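[1] Got a predicted structure plus its sequence, pasted below:
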Amino acid sequence: MSEKIAVIFGGVSNENEISVITGTMAANVLKGTDYDPIPVYIAQNGDIYGGQLLFDIKNFKGDSYKKAQKAVIADGGIYLFSKKHKIKKFIALSAALNCCHGGAGEGGGLNGVCEMAGIPLAGAGIFESAAFMDKYLTKIVLKGLGVKTAEYEYVTNAQKYKTGGNMPQFPLIVKPVNLGSSIGVERVENTEELENALKTSLIYDSAAIVEKYFEKRQEINCAAYFYNGEVITSECEEALTNGEILSFEDKYQGGGTRVFPANLPSTMSQLIKNITKNVYLSLNMRGIVRFDFIVSGKEVYLSEINTVPGSLSYYLLSGGFKDFYGVLDKVIRQAQIDFKTRHCKKLLKTGILESIPAGAAKLGAK
């Protein structure tokens, strides 16, 4: 009998639509295999839907996804509801696969939901999901690991920020701290452009990173996952753009191109793979994670870490959708192993409640 696996995507996020692409892809890769995938979509308003209708991406053009059944994740599975809000069906799950980009889905919230519900989640853990969702916290964690990143400043108020001091001079790059898919990212040449870019970033997010922009640069990506005691890394990819930054259009609307494997000296390629593996291992990470680097001359800077990368980086880790099933199988199996290991540990019960007098917790009790 096939194992039932929830493929969870969408979310209260600006990247909801990109997540739909990833989630429907992954659900269809798992379809007809040893698994019985259940697509689960989280809408931008937080409503959760489940069912067969969600395999087809065309149902997300407009509001057709709302024809699917409302759902709740709890008790080791998914409850599906009728139109009259009564429980219609409960589906017990062997695991879930995280395909959410941005927001709480990628930032650790879905991890907490699945952990509390008793469902193994294939993806990064709560800590790294939360830390690497935030570009500022990413800088702090990487500094602690001794990994080089570009010079930056953290900005929460556009009016109070001024260039100067120890900050690099123009050009600079402005990034909202919690957004992905290059949303809100801008290259700026002067103070006026900087102020406008910060105002835009702070419309979408609570803070921004102002970072040194490297004129001569290569943007290099390397993906990794963990299985059976080993970190498997991809070959390096170079992401090319027609403009000055790798934009949303480059990534998702055909504006950019890629070179795979990247045109790098073998020593540089190996260095990038080693940094990827060392960071992954140092934080005991799990799931498919993409590491984004900037190479400028002989220097390598780790720019961002994506714990739920676009399309789960299938194009880096496999020859196509058919081959990618083997990767998904491994990360799901590893999630189940890790879940079992965590939950076989003894939970302490001290008995302290037996010694507390009746009514002691009531307001006004002495």
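    Sure thing, it's come through. Numbering: from 1, shown residues only.
[2] got the buried residues for the longest helix belonging to the chain?
    Looking across the chain with DSSP state H, the single longest helix is helix 321-343. Using 16 or more other C-beta atoms under 10 Å as the test for burial, helix 321-343 gives 324-325, 327-332, 334-335, 338-339. To be clear about C-beta, it is placed using only N, CA and C from the backbone, and glycine gets the same treatment.
[3] residues in contact with that helix?
    With contacts defined as C-beta atoms under 8 Å, 6 or more residues apart in numbering, helix 321-343 is touched by 5, 25-26, 28-30, 33-35, 94-95, 97, 118, 120-123, 225-228, 286-288, 312, 314, 317-318.
[4] packing partners for the helix or strand that contains residue 220?
    In the assignment (DSSP states H and E), residue 220 maps to strand 218-227. Where contact means 3 or more C-beta pairs under 8 Å, 6 or more residues apart in numbering; DSSP states H and E, strand 218-227 is packed against strand 230-233, strand 237-240, helix 266-282, strand 289-296, helix 314-317, helix 321-343.
[5] circling back to that earlier point, dump the buried residues of helix 321-343 into CSV; add pLDDT as well.
    Below are those laid out as CSV (pLDDT from 0 to 100):
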residue, pLDDT
324, 97
325, 97
327, 98
328, 98
329, 98
330, 98
331, 98
332, 98
334, 98
335, 98
338, 96
339, 96
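[6] Quick one: mean pLDDT for the strand holding residue 220?
    Averaging pLDDT along strand 218-227 gives 97.
[7] now stretch 270-279
    Stretch 270-279 comes out with an average pLDDT of 98.
[8] Flag every buried residue along it.
    So, applying 16+ other C-beta under 10 Å, buried residues of stretch 270-279: 271-273, 275-277, 279.
[9] The strand holding residue 220: partners in the sheet, and parallel or antiparallel?
    Sheet pairing of strand 218-227 (DSSP bridges) gives strand 230-233 (antiparallel), strand 237-240 (antiparallel), strand 289-296 (antiparallel).
[10] For residue 185, find the nearest of the ones you listed.
    Judged by C-beta to C-beta, the one of the strands paired with strand 218-227 that comes nearest to residue 185 is strand 289-296, at 12.0 Å.
[11] How far away from the center of its chain is that closest one?
    Here strand 289-296 is found 15 Å from its chain centre; the criterion is C-alpha atoms, centre = their mean, to the nearest Å.
[12] Give me the contacts around that strand.
    124, 128, 150, 214, 216-225, 264, 268, 272, 275-276, 279-280, 300-307, 309, 313, 316.
[13] so the next helix or strand after it versus strand 289-296, what angle?
    Next helix or strand after strand 289-296 toward the C-terminus (DSSP H and E): strand 299-306. On the basis of axes from the mean of the first three to the mean of the last three C-alpha atoms, to 10 degrees, strand 299-306 is oriented at 150 degrees to strand 289-296.
[14] Flag every buried residue along strand 299-306.
    Here strand 299-306 shows 300-306 as buried, counting by 16+ other C-beta under 10 Å.
[15] Would you reformat the residues you listed as CSV and include distance to residue 138?
    Below are these laid out as CSV (distance: C-beta to C-beta, whole Å):
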residue, distance to residue 138
300, 16
301, 12
302, 8
303, 9
304, 7
305, 6
306, 10
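[16] Now the two most distant members of those.
    Using C-beta to C-beta, the two most remote members of those are 300 and 306, lying 17.5 Å apart.
[17] what about the residue nearest to residue 75 when sequence neighbours are not counted, how many neighbours?
    Setting aside the residues directly before and after it, residue 75 is nearest to residue 117 in space (C-beta to C-beta, 6 or more residues apart in numbering), at 6.5 Å. The number of residues packed near residue 117 is 17, by other C-beta atoms under 10 Å.
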